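Novice: Let me see the structure of the following:
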Amino acid sequence: MLFKKLGLVWALIVWTTGAAWAQDDTVWIQIEAQPNLNDATARARAFAADLPDVNGFSLGGGWYGIALGPYERTDAEQVLRVYRAEGVIPRDAYIALGSSFRQQFWPVGANVLDRGAVSAPVTPNAPVVETPTEVAPVVEAPAPADETPAQAQRSERLLSRAEREALQVALNWAGTYTGAIDGAFGRGTRNAMAAWQERKGFDVTGILTTAQRAALIGDYNSILDDLGVQVVRDERAGIEIKLPTDVVSFATYEYPFAQYDASGDITAKVLLISQKGDQSTLFGLYDIMQTLDIVPLDGPRERKNTSFVLVGQDTTRISETRVALEDGVIKGFTLIWPAGDEDRRTRLIDEMEQSFVRLAGVLPADAGSQDQAIDLVSGLEVRKPRLSRSGFFVDRRGTVLTTAEAVEGCTRVTLDADTEAEVSLFDAARGVAVLTPNGPLAPLSVATFADSDPRLNSEVAMSGYSYEGVLGAPSITFGTLGDVRGLNGEQELSRLAMTTLPGDAGGPVLDSGGGVFGMLLPAPDTGRALPDDVAFALDSAALQDVLAQAGMAAASTDSTAPIDPLDLAQAATGMTVLVGCWD
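Specialist: Now for the predicted structure:
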């Protein structure tokens with residue numbers, strides 16, 4: 001029972017205020033508490049169907065209590081014993097003072113906190129037999145008549161400024177109010193109330209009754225009911241913040257993050273960010289965050305001089321990061337939440353931001369396991385493409401030739417990991433694609449195509465990202481030209497005697513004079529296991545024909561004279577580019 005969540009706290013209050021009770025003979029029997037107004041109202045109505053003197057009060061902190069009374073103390077103790085024995089109230093019900101209660105929400109429009117004790121509904125001093133009895137089924141009583149507009153206005157005047165602002169916040173969340181949160185019920189607020197009443201099927205008056213106010217606040221709060229939202233104080237990170245503790249729990253520190261991972265069925269994650277730094281540190285964090293897998297590529301980004309907001313979303317999740325620099329300290333948080341649950345996510349983000357408190361101290365730079373890996377940053381996986389292949393520049397504008405495999409089925413294509421490119425031509429039959437960069441590039445070198453094929457068995461070289469970008473630079477592989485045709489006599493293929501890896505596909509194949517005479521193709525699917533040192537390249541004539549289809553003229557060269565191997569390697573790696581295919 002949710003009441004037990006408050007049981008220890010209230011029991012402590014009862015114990016410590018025992019002396020005060022001796023001086024206060026008018027008391028209440030608190031029988032239940034609920035964390036939102038909707039549930040509390042429903043439970044009060046259910047209890048009222050079977051019991052007299054049922055009242056409901058706000059307890060503060062977002063909780064609502066249901067109490068019987070008020071009774072004289074001796075009567076209250078007898079009622080408590082009898083009702084417990086009959087099983088009509090929880091066994092952990094207890095006697096409480098009226099000072100524990102705030103605004104009354106049940107019965108609607110009632111205000112009985114200041115009235116005197118009423119007669120007890122049980123026989124005074126009757127013996128109590130502690131025998132278990134079945135609880136009668138709860139039958140909901142009809143709700144009492146709601147207030148008139150005049151009555152609603154009178155009850156509205158009793159609201160505090162904070163309560164009036166809370167109603168405006170709830171109306172804003174409900175989508176009917178866009179004005180300032182100022183507690184002033186002007187025309188904008190009244191119109192918002194009327195729109196909300198119409199949506200809910202109430203009489204449209206522009207004045208919310210007590211019950212309607214309770215329903216509005218209940219709707220606003222109920223969306224977070226099953227998340228266990230409560231304040232978490234992380235002393236090591238120096239941050240206090242509300243977190244969904246039924247959804248995430250602390251996992252580890254990995255500088256500059258305190259990581260809270262999913263603890264239930266909801267695939268959520270929270271990072272608390274804490275480090276010393278200046279503006280350059282803040283900007284660096286902004287850039288690093290965008291390389292992490294937990295921050296999808298699509299979504300708005302806003303970077304200011306001392307803060308940034310970073311939102312990334314895909315089909316499965318939404319990641320939102322809010323960070324600020326103050327007095328040489330960078331602190332903030334990231335929430336990763338499942339896509340399609342925007343109402344709860346946006347409410348949770350608001351709760352986290354409003355409750356965020358900077359405490360003394362920051363995470364030390366040595367916090368965490370310090371496990372190092374090229375694909376990890378602070379223990380978090382770096383975003384990686386689905387596959388990476390090689391390509392090479394064919395003009396100074398950065399146009400690239402690559403294998404069709406590198407771009408097939410991709411939602412996004414990049415050059416050297418950070419420059420996006422468009423597929424301007426795709427030739428599936430030949431297995432080649434032409435890419436045009438979306439931004440300016442400055443290639444170190446550009447391919448020039450050999451006027452003729454090299455001699456059979458002559459030495460050739462291939463440049464490619466053999467390890468799909470792990471090394472950060474292309475590798476040179478040497479071999480020989482085995483044949484100027486494919487295994488089945490294909491005229492546009494050359495057979496190479498060299499050992500290659502999947503990441504090399506799309507890279508340029510050069511003769512000893514530095515001329516490009518082909519592009520390495522992926523290993524063919526022949527149904528047979530070929531020797532490891534057999535590879536194939538699409539020849540330069542076919543590549544130039546593809547470029548012509550794309551409206552480009554390829555540069556050519558007479559490369560029959562060998563050049564220094566170092567010059568060859570420099571030219572080959574300078575024209576080679578990493579092509580990334582992203583989902």
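Novice: ok, V357 - how many residues close by?
Specialist: Per other Cβ atoms under 10 Å, the neighbour tally for V357 reads 12. Using the backbone N, CA and C atoms, a C-beta is placed for each residue, glycine as well.
Novice: residue contacts, F57?
Specialist: Contact analysis of F57 by Cβ atoms under 8 Å, 6 or more residues apart in numbering lists Y64, G65, A67, F101, R102, Q103, Q104, F105, L113.
Novice: So the fourth one sits against G56, correct?
Specialist: No. Distance between F101 and G56: 9.1 Å, which falls outside the contact criterion (Cβ atoms under 8 Å).
Novice: Convert stretch 257-271 to CSV, retaining C-alpha atoms only.
Specialist: In CSV, the C-alpha atoms belonging to stretch 257-271 read as follows (Å, rounded to 0.1, in the frame of the first residue of the first chain):
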residue,chain,number,x,y,z
PHE,A,257,29.8,11.6,-15.8
ALA,A,258,27.9,10.0,-13.0
GLN,A,259,25.9,7.3,-14.8
TYR,A,260,22.5,6.1,-13.8
ASP,A,261,21.4,3.1,-15.8
ALA,A,262,18.0,1.5,-16.5
SER,A,263,16.8,-0.6,-13.5
GLY,A,264,13.4,-1.8,-15.0
ASP,A,265,11.5,-2.3,-18.2
ILE,A,266,11.9,1.3,-19.4
THR,A,267,15.1,1.7,-21.4
ALA,A,268,16.2,5.0,-19.9
LYS,A,269,19.6,6.4,-18.8
VAL,A,270,20.7,9.5,-16.9
LEU,A,271,24.1,11.2,-16.9
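Novice: Run through the residues that contact the residue nearest the centre of the chain.
Specialist: Central residue check for the chain by Cα atoms, centre = their mean: the C-alpha nearest the mean position is that of I336, 1.9 Å away. Contact analysis of I336 by Cβ under 8 Å, 6+ apart lists A268, K269, V270, I294, R317, I318, S319.
Novice: Among the residues you listed, which lie within helices?
Specialist: The members of the contacts of I336 all map outside helices under DSSP state H.
Novice: just the residues you listed now: which is nearest A447?
Specialist: Taking Cβ to Cβ as the measure, I294 is the one of the contacts of I336 closest to A447, at 38.3 Å.
Novice: tell me the pLDDT at that closest one?
Specialist: Note on I294: pLDDT of 90.
Novice: Also the one 4 residues further on?
Specialist: In the predicted model, D298 carries a pLDDT score of 87.
Novice: mind checking how far it is from F356?
Specialist: Applying Cβ to Cβ, to the nearest Å, the value for D298 to F356 is 26 Å.
Novice: Have a look at these two and say which one is more surrounded.
Specialist: F356 (17 against 12).
Novice: Restricted to strands, list the contacts of F57.
Specialist: Counting by DSSP state E, those place Y64, G65, A67, Q104, F105 in strands.
Novice: For N172, the count of nearby residues, please.
Specialist: Under the neighbour criterion other Cβ under 10 Å, N172 is assigned a count of 17.
Novice: Next: L387.
Specialist: Neighbour count for L387, taken as other Cβ under 10 Å: 20.
Novice: Next up, the contacts around the residue nearest to it when sequence neighbours are not counted.
Specialist: Nearest residue to L387 in three dimensions, chain neighbours excluded: C581, at 5.1 Å (Cβ to Cβ, 6 or more residues apart in numbering). Shown in contact with C581 (Cβ under 8 Å, 6+ apart): P385, R386, L387, S388, R389, A406, V407, E408, G409, C410, R412, V413.
Novice: Output these in TSV; the columns should cover pLDDT, distance to P502 and secondary structure.
Specialist: Formatted as TSV, the contacts of C581 follow (pLDDT from 0 to 100; distance: Cβ to Cβ, whole Å; DSSP: H, G, I helix; E, B strand; the rest coil):
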residue	pLDDT	distance to P502	secondary structure
P385	87	13	coil
R386	88	13	coil
L387	91	8	strand
S388	93	9	strand
R389	96	8	strand
A406	94	10	helix
V407	93	15	coil
E408	91	14	coil
G409	88	16	coil
C410	90	16	coil
R412	89	20	strand
V413	94	17	strand
